[in-house]
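Q: I would like to see how this sequence folds:
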Amino acid sequence: DSEVHLQGVASAWAGGHKGRRVIDRLLPQLRGLLSPRGIVYMVTVSENDPGGIVQDMQSQGFQGRVLMSRQADEEFLSIVRLQAQW
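A: Numbers count the residues shown, from 1 in each chain. Predicted coordinates:
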């Protein structure tokens, strides 16, 4: 988390635990941001635990799944789809 206060591109690496510092702040707010049956797509890296994101959000009234995963240079990227179910 010390990277948060750096300037330039270095601050982009400030992800916190599992690289989810911003993700974990956003997810609890989705219920208030989305309409019923609204959909969110997120690009994640493997360190973000995309399957864990889906599981966590299912308990909060979302249907979710990892749509696809691909290697991109040194990172393994996944697309997570979350749909509101209220």
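Q: helices of this protein, start to end?
A: 21-26, 30-33, 50-58 (DSSP state H).
Q: list of residues touching the shortest one?
A: This means helix 30-33. For helix 30-33, contacts defined as Cβ atoms under 8 Å, 6 or more residues apart in numbering pick out 40, 57, 60-62, 82, 84, 86. Every C-beta, even on glycine, is put in place using the N, C-alpha and C of the backbone.
Q: from these, list just the buried residues.
A: Buried subset of those (neighbour count, 16 or more other Cβ atoms under 10 Å): 40, 57, 62, 82, 84.
Q: so the first one makes contact with Arg81?
A: Yes: between Val40 and Arg81 there is a contact at 7.4 Å, judged by Cβ atoms under 8 Å.
Q: all the strands of this protein, residue numbers only.
A: Assigned by DSSP state E, the chain shows strands spanning 39-45, 62-72, 75-84.
Q: state the distance from the most centrally placed residue in the chain to Glu75.
A: Taking Cα atoms, centre = their mean, the centroid of the chain lies closest to Ile23, which sits 4.7 Å from it. According to Cβ to Cβ, to the nearest Å, Ile23 and Glu75 sit 15 Å apart.
Q: next: Leu34.
A: Distance of Leu34 to Glu75, given as Cβ to Cβ: 27 Å.
Q: what's the end-to-end length of stretch 67-81?
A: For stretch 67-81, the separation between the terminal residues is 7 Å (Cα to Cα, to the nearest Å).
Q: so Gly38 makes contact with Trp86?
A: No: here Gly38 does not reach Trp86: they are 9.5 Å apart, not a contact under Cβ under 8 Å.
Q: out of the strands of the chain, which is the most enclosed?
A: strand 75-84 (a mean of 17; mean count of other Cβ atoms under 10 Å).
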